[in-house]
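Q: pasting a predicted model and its sequence here:
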Amino acid sequence: MSGAAFAERVTMKKAARVACLSPDHFVEVFRLAVGCTPHQYLLLRRLRHARQVIASEGHRRPLAEIALAAGFSDRAHLTRHFHRAFAQSPGQWRQQTTQR
């Protein structure tokens, strides 16, 4: 997934249509193949992308801008999910990576 693609809105209907499956069947097949739902997978990919951007250029870009580029609605949305996934805020991650 390219950096620009993270901000795209992905609907279950569209993904299921591309796979030629009903939305319910698509979710089930995806979960069996990948180990999580499509939503969980996309969220984790966006979080990992945001974490990588923060580590590489986060000291030059505002977290709100990184959040939008990664597909989150705003900085608070990114922060909430980032903290759940990585047990620290994006700001803490940025501070930790810039100290290395």
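A: Happy to help now that I have it. Residues are numbered from 1 along each chain as shown.

Q: now the lengthiest helix in the chain: buried residues?
A: Of all the segments assigned as helix in the chain under DSSP state H, the longest by residue count is helix 38-57. The neighbour-count criterion (16 or more other CB atoms under 10 Å) identifies P38, L42, L43, R46, L47, H49, A50, R51, V53, I54 as the buried residues of helix 38-57. Heads up, the C-betas are built off the backbone N, CA and C, glycines and all.

Q: tell me what that helix is packed against?
A: Under the contact definition 3 or more CB pairs under 8 Å, 6 or more residues apart in numbering; DSSP states H and E, helix 38-57 sits against helix 12-18, helix 23-34, helix 63-69, helix 75-86, helix 90-98.

Q: can you spell out which helices and strands pack onto the fourth one?
A: Helices and strands touching helix 75-86, by 3+ CB pairs under 8 Å, 6+ apart, are helix 38-57, helix 63-69, helix 90-98.

Q: returning to that earlier point: let's have the buried residues of helix 38-57 in TSV, adding pLDDT.
A: Written out in TSV, the entries for the buried residues of helix 38-57 read as follows (pLDDT from 0 to 100):
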residue	pLDDT
P38	93
L42	92
L43	94
R46	94
L47	96
H49	94
A50	94
R51	94
V53	92
I54	92
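
Q: with the residues you listed in mind, which one is nearest to D74?
A: Within the set of these, A50 lies nearest D74; the separation is 12.5 Å, counting by CB to CB.

Q: list of residues touching stretch 52-64?
A: Under the contact criterion CB atoms under 8 Å, 6 or more residues apart in numbering, stretch 52-64 has outside partners 3, 66, 69-70, 74-75, 78-79, 90-91, 93-94, 97-98.
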